[in-house]
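Student: Everything below, folded, please.
(2 chains)
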2 protein chains.
Amino acid sequence: MRRQFRDLSTPAAARETIASLDLTPDSETVPLSDARGRVLAERIDAGMDVPGFDRASMDGYAVRARDTFGADEADPVTLELVGEVHAGAEPDVEVDPGTAVEISTGAVMPPGADAVVIVERTEERDDSLVVYKSVAPGDSVMPAGTDIAAGARALGPGTRLTPREIGLLSALGIDEVPVRGAPVVGIVSTGDELVRPGEELRPEAGQIYDVNTYTIAAGVEEAGGVPKLYPHAGDDYDEMERLLRQAADECDLVLSSGSTSASAVDVIYRVVEERGELLLHGVSVKPGKPMLVGTLGEGSAYIGLPGYPVSALTIFRTFAAPAIRSAAGLPEPQTATVEGSMAVRERYAEGRTRLMPVGLVIGGTPSPRQTQSDGAGEMLVYPVDKGSGATTSLVEADGVVEIPADVEYLAEGESVTVQLFSPDVRPPELLGVGEDDPALSRLLDRVPTPRYLAFGSREGIRRLRDGIPDVAVVAGETHGDVDVDAVELGSWTREWGLVVPAGNPDGVTGLEELVDEDLRFVNRDTNSGLRTELGDAIAALAEARGTTRHELVDEIEGFDHGAKAFESPARAVRSGRAAVGLGLRETADSLGLDFVSLGEQPVRVLANSARTEKPSVRSFGDVLAESDDIFDALTGFEKVRTRR
Amino acid sequence: MRRQFRDLSTPAAARETIASLDLTPDSETVPLSDARGRVLAERIDAGMDVPGFDRASMDGYAVRARDTFGADEADPVTLELVGEVHAGAEPDVEVDPGTAVEISTGAVMPPGADAVVIVERTEERDDSLVVYKSVAPGDSVMPAGTDIAAGARALGPGTRLTPREIGLLSALGIDEVPVRGAPVVGIVSTGDELVRPGEELRPEAGQIYDVNTYTIAAGVEEAGGVPKLYPHAGDDYDEMERLLRQAADECDLVLSSGSTSASAVDVIYRVVEERGELLLHGVSVKPGKPMLVGTLGEGSAYIGLPGYPVSALTIFRTFAAPAIRSAAGLPEPQTATVEGSMAVRERYAEGRTRLMPVGLVIGGTPSPRQTQSDGAGEMLVYPVDKGSGATTSLVEADGVVEIPADVEYLAEGESVTVQLFSPDVRPPELLGVGEDDPALSRLLDRVPTPRYLAFGSREGIRRLRDGIPDVAVVAGETHGDVDVDAVELGSWTREWGLVVPAGNPDGVTGLEELVDEDLRFVNRDTNSGLRTELGDAIAALAEARGTTRHELVDEIEGFDHGAKAFESPARAVRSGRAAVGLGLRETADSLGLDFVSLGEQPVRVLANSARTEKPSVRSFGDVLAESDDIFDALTGFEKVRTRR
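Tutor: Alright, predicted model coming up:
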């Protein structure tokens, strides 16, 4: 019996429902050495005086203060030197009237003494001490309990233990600490098609690696919980049911992420209904509509996350992580938001709250409204929307902008608040968009914290025109970059052509065989500069043959099907899925394939002209200027033409 | 042979010297599940296409797009339904012209199909499918490699792994990650007088608990290092030398904190000189002058920290932690500073840079210069200076203000930048100063993140007059609070008197025996409201006897020696060190001692009148208003008079 929930909950109602769950585990006791980051479960009062004795706070001589009254440089007093006390030793001497005892910092004041004369104001002469200064009782002495006294409130419940609190606990001799328990969060993987990373994948059977299990586990750790991973039951629903029950017994909270299989959903409903209660089904937020919240009986709660990784992590962060932090006693992280302005207009009207993943980049125009610590310019915010099925948008976004259900669009330049994925997130120092290229991959390794979106040369030009990236990387002719306001930072050339199996079994010598023979081909996508170059070469061949480009293209099996990255066509050749692939000599060499050269093309790095003085752009320019050596050393065959 | 370094290094020179040390450990490979927070050692390129197959992105029917051309609601096309494909299964059917195959989200597109018609735009009739919408090739299909394609740059070297990067690595099937090694930092404890927490302490022999070992170990963890604790060698210098050599072999960096013993210093010099080089001795900074920096031969460095905990942690944070973070590949933490204004004038002129520990409190007067997220008021900064021998100043400070060597004083109201101890640090919500009291300790447990400085009633009044705390707690008469601008939040009474051993062996009945008999007494310090109350009672007795207060006080052995906290005198009685102690009935009861009542005194909570609307002050007021019940439940004998 599947309960029907007609209406989606509002985000606020979902937060309230989750806050009503009791995830708080029992307190526990941990050794002091494991206590960092934990939260005190109860107040700690001092059980002893610190220091535990009247302690000399300077090197000098322990005396009776009244014996020194009136002493000065002109009229010193002389005392009998009767012994010494060192730190960590029990005094074996008393200070009687008229006597003094040598004492070192940290040592116990000997009986009878009530002050220390510092060594600089004394002089030893044989067995006597000349004192040139009068001291008062208590001078240079730290009385027992001065730091903290027995019975005093040392640390309150709820205190998060940092090195400083650990210092105070050490001083009190405490080597075990009562702390809030860390909630144990079970992660149950559902989905027939999922395979754990490290195991063998059969893509032809629609298998994909399980992204959510490790992502959510890391999120649980970050929120102060202890993730507990359960084995993946695949399509064994009885086993999945058994694992869910086991997780409910063992954990404070059980998480699963959506399955596309109705059978899996049925199992979850059955276990929730039987042991507890379903409290919420679906929330009016994008991404993430399919969320379940319920209880699993005594002391265990359940949250069902959506299946797509971006949706799952977004819903986890927005709804589950705060509940885990609260159960662990941890505060919400501070300053996890940043203000910025939209780099482009973004339309949206779906009638539910949208948590829009966005990337950040520091623009070239300083804005008086913002105070960037580096003074570089205003914070620009651009939407990252590759569909929630894409895992790359996880790393291409820095946070989300929450757009209320009734907002239809955000204007370019509109101010928005970005909820950062974590307080540590900062904008990449360099944002690039454009062609993918193996030499570029290596060059980027030499730039601190770059973000490079390999969307192809055309998209690089388009986004540069919108003023988003710091640099665009463009391979070959771009057919339309004339109106882009950019400065060339540097460039290199690459040899492009046809990748064929080792030994070139089909005897390919150039475009002719591709057009005239029945060879399965893998092309690149239309944004790629390689694809444009190939199109131009086919057009030239068509002209030579007195026919049209379209006619020739029609003869090539697979021409319209473009792969997204530079190695993909070559890999199709290597795996036997194709006879010819569009690619680079470097790729053919590295994969052990043969190569039929069709020419060279320049790869140019174009800087946003408003940001040529941005430090990361300048330093990328330096990297390009130095790259002659790099290319020589690393690849041996790329000819570099760097122009600045 | 001890090398002489005449001049102290500047802080900048010390930073440079430490930056020149090579602490960077070898890279290592860790399982994905342990990779959170680590830093990638090398670039990760995608080794496969994600998804690995052309994937349906909606539930519906896989078709040949050209079969649907022209279809709409008025003029649908009908296709033959020839099978189905589910997620995680290999298609066992082809889509020939005129046919369709049912497909679920995430499933492999069957051969022949190039688009998906979403289920909402179709209708099944017997074995055929009616399609009400024309689709284009690629509609509702995510082609192989769309998310990330084989060969593409996935993550660059130096990337810190958060849940999001772990998601992308999972998608690529990577279950082991090459990461920067975490530097191993050895901590060698020196100092004859130190005892590890948990072990038995002999205060009479000048022993104290070892604070620095665990504090610095926690600091090392926080900076991304792996602390390695070595056993404490005490005064066995041969063993200490052996441990230092072992640590130099096993660690990237060895830390010790200052010893007061010349022999220990000699051992350190010997090992540094023999295996490496002493690079720096002493830095011109307070606290922290006695710092050593050197090498210990191949791949190991040495930093000697000062001995006092506040100095040791300050020097560690300022000089050692940045080097550890850099070796681990971690960025400096962000926004670890806050702007504020000095609550009081602070003089300083010692000719070296001062890292002044300070506390923070949000004041009552909102300042236009600051943007507090809660809008409560400006950030006030007050010095915390209990001497660097005090461990409590570790937890009473929130950060340090760096004062250049040539600054003589900071004026009240002067703007300063506070370097927070960590980015998580925030000002306590409630700052109180005043009397210590067991009921107050419990009340404070009910206030979120309070900081209470138990400096006594007099000091509470003094600081309230300076405008620093939110509340002052005052016991009994204060002799001079008339000119303080404060509002009483609430109060209770406590029974005070003389604590005597169980069975009252000396037959104490009141002050008379204390004055007339030869009983060793332990008093409280002069800031305590109990001490004032006792003074007044003695004055009354003197008047009754026709003598002076001074005469009577002189008869009491130990009257001038005041303990800092409310339990200390009673503990002295329990341990036999005294016959009578000044204290509270509650303390006597809890320690199993007898009690001779001398009266009741009120304990009043006075709020800073500029901050009565501060949320924490209001909520403390609520706690006090509810406290009748609390006192009844918790103690059973405290009479509460709450006035608001």
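
Student: what's the pLDDT at the residue nearest to residue A:179 when sequence neighbours are not counted?
Tutor: In this structure, residue A:179 finds its nearest non-sequential neighbour in residue A:38, 4.0 Å apart by Cβ to Cβ, 6 or more residues apart in numbering or on different chains. C-beta coordinates here come from the backbone N, C-alpha and C atoms, glycine included. Listed pLDDT for residue A:38 reads 94.

Student: What of the one 3 residues further on?
Tutor: According to the model's per-residue confidence, residue A:41 sits at a pLDDT of 95.

Student: before we move on, what about residue A:478?
Tutor: The model reports residue A:478 with a pLDDT of 69.

Student: that older thread, just list the residues touching the residue nearest to residue A:179, thanks.
Tutor: A:30, A:160-161, A:177, A:179-180, A:182 (Cβ atoms under 8 Å, 6 or more residues apart in numbering or on different chains).

Student: By pLDDT, rank these and give me the bottom one.
Tutor: residue A:160 (91).

Student: That one touches residue B:425, doesn't it?
Tutor: No - judged on Cβ atoms under 8 Å, residue A:160 makes no contact with residue B:425 at a distance of 9.7 Å.

Student: Okay, and the nearest residue in space to residue A:215 that is not next to it in sequence sits in which element?
Tutor: Leaving aside its chain neighbours, residue A:215 sits nearest to residue B:167 (3.9 Å; criterion: Cβ to Cβ, 6+ apart). Here residue B:167 sits within helix B:163-171, counting by DSSP states H and E.

Student: now the strands for the stretch 151-300 of chain A?
Tutor: Counting by DSSP state E, counting those that start in this stretch, one finds strands in the stretch 151-300 of chain A at the ranges A:153-155, A:176-179, A:184-188, A:194-195, A:208-209, A:226-229, A:253-257, A:277-281, A:285-286, A:292-295.

Student: averaging pLDDT over each of the ones you listed, which comes out lowest?
Tutor: Looking at these, the weakest mean confidence is strand A:285-286, a mean of 84.

Student: ok, now which ones touch the nearest residue to residue A:429 once chain neighbours are set aside?
Tutor: Residue nearest to residue A:429 in three dimensions, not counting chain neighbours: residue A:616, with 4.0 Å by Cβ to Cβ, 6+ apart. By Cβ under 8 Å, 6+ apart, the contact list for residue A:616 reads A:429-430, A:447-448, A:450, A:470.

Student: same check, this time on residue A:81
Tutor: Contacts of residue A:81 (Cβ under 8 Å, 6+ apart): A:61, A:99-102, A:124, A:127-129.

Student: if you set the cut-off to 10 Å instead, what comes out?
Tutor: By Cβ atoms under 10 Å, 6 or more residues apart in numbering or on different chains, the residues touching residue A:81 are A:61, A:99-102, A:122, A:124-129.

Student: out of those, who's nearest residue B:303?
Tutor: residue A:102 (31.1 Å; Cβ to Cβ).

Student: Quick one: neighbours of the closest one, just the number.
Tutor: For residue A:102, the neighbour count with other Cβ atoms under 10 Å in any protein chain shown is 20.

Student: wait, isn't it in contact with residue A:61?
Tutor: Yes - using Cβ atoms under 10 Å, residue A:102 is in contact with residue A:61, at 5.8 Å.

Student: any shared contact partners between the two?
Tutor: By Cβ under 10 Å, 6+ apart, the residues touching both residue A:102 and residue A:61 are A:81, A:84, A:119, A:122, A:124, A:129.

Student: Helix, strand, or coil at the first one?
Tutor: Meaning residue A:81. At residue A:81 the chain is in strand, as set by DSSP: H, G, I helix; E, B strand; the rest coil.

Student: Sketch out the low-pLDDT regions of the stretch 401-550 of chain A for me.
Tutor: Counting by pLDDT under 70, the ranges of the stretch 401-550 of chain A that qualify are A:478-483.

Student: Now it against chain B: closest residue?
Tutor: residue A:441 (4.2 Å; Cβ to the nearest Cβ).

Student: how near is the closest residue to that residue other than its chain neighbours to residue B:589?
Tutor: Leaving out its chain neighbours, the residue that sits closest to residue A:441 by Cβ to Cβ, 6+ apart is residue B:153, at 4.2 Å. Distance of residue B:153 to residue B:589, given as Cβ to Cβ, to the nearest Å: 71 Å.

Student: any idea which helix or strand comes after the host helix or strand of residue A:496?
Tutor: Following DSSP H and E, one finds residue A:496 within strand A:486-500. Next in sequence after strand A:486-500, counting helices and strands by DSSP H and E, comes helix A:511-516.

Student: if we look at that following helix, which residues are touching it?
Tutor: Helix A:511-516 has contacts (Cβ under 10 Å, 6+ apart) with A:497-498, A:500, A:504, A:506-508, A:519, A:521, A:534, A:537-538, A:540-542, A:545, A:547, A:551-557, A:559, A:579-580, A:582, A:596, A:598.

Student: Selecting buried members of those residues in PyMOL, what would you type?
Tutor: Command for PyMOL, covering only those of the contacts of helix A:511-516 found buried under the criterion 16 or more other Cβ atoms under 10 Å in any protein chain shown:
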select buried, chain A and resi 497+498+500+504+508+519+521+534+537+538+541+542+552+553+556+557+559+579+580+582+596+598
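
Student: Could you pull up phi and psi at residue A:569?
Tutor: phi -60, psi -40 (degrees, to the nearest 10).

Student: picking that back up, so which of the shared contacts of residue A:102 and residue A:61 belong to strands?
Tutor: Per DSSP state E, strands hold the following members of the shared contacts of residue A:102 and residue A:61: A:81, A:84, A:122, A:124, A:129.

Student: a markdown table for those, including distance to residue B:196 and pLDDT?
Tutor: Output for these, formatted as a markdown table (distance: Cβ to Cβ, whole Å; pLDDT from 0 to 100):
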| residue | distance to residue B:196 | pLDDT |
| --- | --- | --- |
| A:81 | 35 | 96 |
| A:84 | 27 | 95 |
| A:122 | 35 | 95 |
| A:124 | 36 | 93 |
| A:129 | 36 | 96 |
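
Student: which of those residues has the most neighbours?
Tutor: Neighbour max across those (other Cβ under 10 Å) = residue A:129, 24 neighbours.

Student: Identify the residues contacting the residue nearest to residue A:215.
Tutor: By Cβ under 10 Å, 6+ apart, the neighbours of residue B:167 are A:211-216, A:218-219, A:309-310, A:312-313, A:391-395.

Student: Also residue A:466?
Tutor: Going by Cβ under 10 Å, 6+ apart, the list of residues near residue A:466 reads A:343-345, A:382, A:412, A:433.

Student: Can you give me the end-to-end span of stretch A:453-472?
Tutor: Using Cα to Cα, to the nearest Å, one end of stretch A:453-472 lies 10 Å from the other.

Student: oh, I was asking about stretch A:456-471
Tutor: Terminal-residue distance, stretch A:456-471 (Cα to Cα): 13 Å.

Student: That stretch: which residues count as buried?
Tutor: A:456-465, A:467-471.

Student: near chain B, from those?
Tutor: Among the buried residues of stretch A:456-471, no residue is within reach of chain B (Cβ under 10 Å from any Cβ of the partner chain).

Student: Can you point out the buried residues in the strand holding residue A:496?
Tutor: For strand A:486-500, burial by neighbour count (16+ other Cβ under 10 Å) applies to A:486-500.

Student: what sits opposite the closest residue to residue A:286 other than its chain neighbours in the beta ladder?
Tutor: Nearest residue to residue A:286 in three dimensions, chain neighbours excluded: residue A:354, at 4.7 Å (Cβ to Cβ, 6+ apart). Note on residue A:354: beta-bridge partners residue A:286, residue A:403, judged by DSSP bridges.

Student: how near is residue A:354 to residue A:7?
Tutor: When distance is defined by Cβ to Cβ, residue A:354 is 18 Å away from residue A:7.

Student: ok so, going back, do any residues in the strand holding residue A:496 lie close to chain B?
Tutor: No - remark: strand A:486-500 sits outside contact range of chain B, by Cβ under 10 Å from any Cβ, the gap being at least 11.8 Å.

Student: chain center to the longest helix seen in chain A: distance?
Tutor: The single longest helix within chain A, with elements called by DSSP state H, is helix A:529-545. Distance of helix A:529-545 from the chain centroid (Cα atoms, centre = their mean, to the nearest Å) equals 44 Å.
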